[in-house]
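In: using only what follows, build the 3D model:
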Amino acid sequence: MKNKIQNISLLVVIAFMAISCAKEGCKDPSALNYDPDAKKDDGSCLYAQPELTITSPGEGTTFMHGQVVEIQATATAPESMHGYSLYLVNTSTAEPDTVMQMDEHEHGTTINISEEWTNDVTMHSDMELTIKVEVDHDATELVETVHFHCHPMSMSHGEVSFHMHFISDGEEVVMGEEQSLNGMEVTFNRIQFYIHDVTFYADQGMSESFQLENTYWLAGLGNTHFEAGEVELSHLHAMTMNIGVDPVANSQSESEFLARPADDPLSAQTPPMHWSWNAGSGYKFAVYEGTFNGGANEFVYHCATDDMLRESDPISLDLVLDHENMNEIHLMVDLSQVFSGIDISTTNTAHGAQPANALLMDNIAGAMSVME
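Out: Prediction:
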């Protein structure tokens, strides 16, 4: 009898150990961390969470009058959803004005939302787009909101020209005349630099733009007026430009260089804006020449090679284009800022990509602004 009791006890212990040693884990096949080898569910199951993403319009985008606003969004959930609501509200009116509202009853674990609305506002308007997706019948919702701006003017063309004014220590620079540069008396005899790919932006977010592609100007003292031509925007919020020569043009062959027409700024110039032709470092991107110490000493800075190419900082404009007349932009180039950190008395000559030239190119990128 005693042995029989011992045998039963042993079986109980073995069974208890077998149960205790059973592998624990997530046993729900619909869970992200489902473990097919688990014998006992330990409550660790993880499940995909519902998500809603608005991909268009982008936050802060600006739309001109008549432009179509594409509304694109995607909602996903592990179980079937039950539809969505869409609200587009003009928040700039005296009372918020709902200009578009939709309620769609749609089932699925993925709901793709694709709608359109055409900007028909008559005043500058801040818009708020809200999308709500019904995840279940227990009032669980996904909600996302984006904001964008609507312009009352249509996309159009306007003729634009710009004028450059060279300033040093607050005074306009006159070629050949002595003047102050960061407190030092100097005379500029030559200032020239290439600009290209001028780009105008219609909004603060710089998402709507128009670029004058493949157009070069050789700016400098004695050459300060440029006609940019038609710009396909109604409002100019800012502009940028590249300073120097693009790598493709800078690596052209000598025969290609010599074949350029005389009115091409990239053709042979007098005085020269190129070295004895050497593809890859052929152009002088910027040239500054003059004298100091009452004309006793000269300074010469010839900035060149692909490493010297710079894009200007954004130049604020805030100009509504007149579509019937020429729109003139007056740009100030602050030479005091261009020569900031340059000691002409100790480093009065630099060629190619020497440190002084790199600093000059860095500085001019942020030295332009619109004249008041």
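In: quick one: residues contacting the residue positioned nearest the centre of the chain.
Out: Here the mean C-alpha position of the chain is nearest to the C-alpha of residue 206 (Cα atoms, centre = their mean), at a distance of 6.3 Å. Under the criterion of Cβ atoms under 8 Å, 6 or more residues apart in numbering, the contact list for residue 206 reads 237, 238, 314. Placement of C-beta: from N, CA and C, glycine included.
In: so the second one, which of the three states?
Out: Pointing back at residue 238 there. Three-state assignment for residue 238 (DSSP: H, G, I helix; E, B strand; the rest coil): strand.
In: beta partners of it?
Out: residue 201, residue 316 (DSSP bridges).
In: residue 92 versus that one, what's the distance?
Out: Counting by Cβ to Cβ, to the nearest Å, the separation of residue 238 from residue 92 is 22 Å.
In: looking at these two, which is more packed in?
Out: Using other Cβ atoms under 10 Å, the more surrounded residue of residue 238 and residue 92 is residue 238, with 20 against 16.
In: ok, that one to residue 370 distance?
Out: Distance, residue 238 to residue 370, by Cβ to Cβ: 10 Å.
In: and residue 170, by the same measure?
Out: As judged by Cβ to Cβ, residue 170 and residue 370 stand 16 Å apart.
In: out of those two, which sits in the busier spot?
Out: Taking neighbours as other Cβ under 10 Å, residue 170 and residue 370 compare with residue 370 leading, 16 against 8.
In: for the helix or strand where residue 75 lies, name the packing helices and strands.
Out: Applying DSSP states H and E as the criterion places residue 75 in strand 68-81. Strand 68-81 is packed against strand 51-56, strand 84-90, strand 108-118, strand 125-134, strand 141-154, with contacts defined by 3 or more Cβ pairs under 8 Å, 6 or more residues apart in numbering; DSSP states H and E.
In: hmm, back to that, would you say the residue nearest to the centre of the chain is within a strand?
Out: No - using three-state DSSP, the secondary structure at residue 206 is coil, not a strand.
In: lowest average confidence, helix or strand, in the protein?
Out: helix 2-20 (a mean of 51; mean pLDDT, DSSP states H and E).
In: following that one, which helix or strand comes up?
Out: strand 24-25.
In: so what's the gap between that following strand and the chain middle?
Out: 50 Å (Cα atoms, centre = their mean, to the nearest Å).
In: same deal with stretch 109-116?
Out: Distance of stretch 109-116 from the chain centroid (Cα atoms, centre = their mean) equals 28 Å.
In: in that stretch, what's buried?
Out: Buried residues in stretch 109-116, counted by 16 or more other Cβ atoms under 10 Å: 111, 113, 115.
In: in the sheet, who's paired with the second one?
Out: Meaning residue 113. Beta-bridge partners for residue 113, by DSSP bridges, are residue 73.
In: contacts only, for it.
Out: Residue 113 touches 71, 72, 73, 74, 75, 84, 86, 131, counting by Cβ under 8 Å, 6+ apart.
In: okay, domains of this structure per the record?
Out: The chain breaks down by automatic domain parsing into domains covering 51-153, 158-370.
In: great, nothing more from me.
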